[in-house]
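# Just the structure for this:
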Amino acid sequence: MLENGVKGIGNKLVSPPSDLQQLLLLLDKAENLLLIMEQSPSTAMLTDVQPTMKTLIAKNLLGTHAWM
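As a prediction, this is how the structure comes out:
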């Protein structure tokens, strides 16, 4: 289910993996899930996607990796 996938990815990104490849895989999954979301999602979907959205705009997501 899309809602569970988006929520799960968001929860994983809150504490991102230290391994770059794992982080890139999670970001790729997040992108794919967000691409199939409707433009006007339901209230429940918005609630589920908020952790992902907040994490993607947080400065510390990518700043914790040496390659940045």
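
# looking only at pLDDT, what's the mean for the helix or strand hosting Leu26?
For Leu26, the host element (DSSP states H and E) is helix 20-35. Summarised as a single mean, pLDDT over helix 20-35 is 90.

# so what does that helix touch, helix or strand wise?
helix 2-14, helix 43-57 (3 or more CB pairs under 8 Å, 6 or more residues apart in numbering; DSSP states H and E). From N, CA and C alone the C-beta is placed, and that goes for glycine too.

# Counting neighbours, which bits of the longest one end up buried?
Counting neighbours by 16 or more other CB atoms under 10 Å, one finds that the buried residues in helix 43-57 are Met45, Asp48, Val49, Pro51, Thr52, Thr55, Leu56.

# Quick one: residues contacting the fourth one.
If I follow you right, that is Pro51. By CB atoms under 8 Å, 6 or more residues apart in numbering, the contact list for Pro51 reads Lys7, Gly10, Asn11, Leu13, Val14.

# Do me a favour and get the end-to-end distance for stretch 34-42?
Using CA to CA, to the nearest Å, one end of stretch 34-42 lies 14 Å from the other.
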